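Trainee: My questions are about this predicted structure, shown below with the sequence.
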Amino acid sequence: MKIFVGFGDYPLTTKALKEAGAEIVDSLEKAEGFVFTQTPGTEFPLLPDGVRWVQFPNAGLNAYFTAGQIDDKRRWSNASGVYGQQVAEAAMALLLGLIHMHPTMVRADSWAPSTQIDQQTRWLDGATVAIVGAGGIGKHLAAMLKPFGAKSLAVSRTGTPTQDFDATEPISNLHQVLADADHVVLCVPLTADTYHLIGKAELKAMQSTAILINVARGEVVDTEALVDALDAQEISGAGLDVTDPEPLPDDHPLWGRSNVIITPHVANTLTSMDRMLAPVVAENYRRFLAGEKMLTEVDIHKGY
Ligand SMILES: NC(=O)c1ccc[n+]([C@@H]2O[C@H](COP(=O)([O-])OP(=O)(O)OC[C@H]3O[C@@H](n4cnc5c(N)ncnc54)[C@H](O)[C@@H]3O)[C@@H](O)[C@H]2O)c1
């Protein structure tokens, strides 16, 4: 099958496809399969009818669904779960940085905050961490929490228990989970169901000592409600790799707080994408040819 890999250099993915028997072509017009190598924010091309399969390099396809670029004329696959370990590590870094009060220390230019830090620093041992979205990121995060002595409480669509988490609750019990959890990490795709999943009422339901981490998409959280909740000390802090909007303007009220860490959507690094994607794309190619469900096939009705 003829595959176009573009518009950027993904040598390992290209090599893996060749080894799987694909013929690599130099334009979309000649292709039956398209491996898109740009991330959201860059232009997505108009697809010729001959393209029967599109592979995206990222997990969250909300921007393409919103733009009406994903249709039912062909099959689509994404990078769901592929960067799970990296993004879970970034979520851990945000959570640990906040409970250990790193923003305060980073800004300090003397030993002076030591008493405050001594009294307010917490640790993860014995904590229950709610993980909203029990997919690739969520599973890696649960495994990382274990050696810290923390319990993982997954929130999935159905609440069906799995070995990956200490406990699982359905999304319909979200408010109870938010009340029970010491901290909350968001790793769900952005869809019509998860837009503003965390708003005023949900932030109020959380413990006042809880930290909210968002590594999913900014719009999963109602940003205005988050600012209000931080101002009212309804929650203790927030770690955000994703924001609404992105980039977050320099004068936004989320900046400059000692209980907020913001990283500019870098939980999974662009430089690692080709290496991590290569084996998944090759297996998706094999399955596409065999008429099987791909490893990371997109359900266009669910929106992820
Ligand atoms: N910050 C970053 O750099 C970065 C990197 C990768 C992914 N992401 C975001 O994180 C999201 C998750 O990534 P992943 O690799 O873990 O994807 P994944 O598909 O492996 O996992 C997502 C999980 O969320 C569940 N889910 C979907 N809708 C739900 C709902 N309404 N209620 C409860 N659960 C629901 C799915 O069933 C799935 O188990 C992506 O969609 C993307 O938007 C961000």
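Mentor: Received, thanks.

Trainee: Can you tell me how far Gln163 is from Ala154?
Mentor: Distance of Gln163 to Ala154, given as Cβ to Cβ, to the nearest Å: 11 Å. In this view, the C-beta of every residue, glycine as well, is placed from N, C-alpha and C.

Trainee: okay, the two: which has more neighbours?
Mentor: Applying other Cβ atoms under 10 Å to Gln163 and Ala154 shows that Ala154 carries more neighbours, namely 27 against 7.

Trainee: Which phi and psi values does Met294 adopt?
Mentor: Reported as degrees, to the nearest 10, the phi and psi values for Met294 are phi -80, psi 160.

Trainee: Just give the nearest non-adjacent residue to it, would you?
Mentor: Closest residue to Met294 apart from its sequence neighbours, by Cβ to Cβ, 6 or more residues apart in numbering: Asn284 at 4.2 Å.

Trainee: show me what contacts the one you found?
Mentor: For Asn284, the contact set (Cβ atoms under 8 Å, 6 or more residues apart in numbering) comprises 53, 55, 77, 294-297.

Trainee: Could you export those as TSV, including neighbour count and secondary structure?
Mentor: Listed next are these as TSV, based on neighbours: other Cβ atoms under 10 Å; DSSP: H, G, I helix; E, B strand; the rest coil:
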residue	neighbour count	secondary structure
Trp53	21	strand
Gln55	27	strand
Ser77	25	strand
Met294	21	coil
Leu295	17	coil
Thr296	22	coil
Glu297	17	strand
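
Trainee: could you dump these to JSON lines with distance to Gly84 and pLDDT?
Mentor: Converted to JSON lines, the contacts of Asn284 look like this (distance: Cβ to Cβ, whole Å; pLDDT from 0 to 100):
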{"residue": "Trp53", "distance to Gly84": "23", "pLDDT": "98"}
{"residue": "Gln55", "distance to Gly84": "18", "pLDDT": "98"}
{"residue": "Ser77", "distance to Gly84": "16", "pLDDT": "98"}
{"residue": "Met294", "distance to Gly84": "17", "pLDDT": "98"}
{"residue": "Leu295", "distance to Gly84": "13", "pLDDT": "98"}
{"residue": "Thr296", "distance to Gly84": "11", "pLDDT": "98"}
{"residue": "Glu297", "distance to Gly84": "17", "pLDDT": "98"}
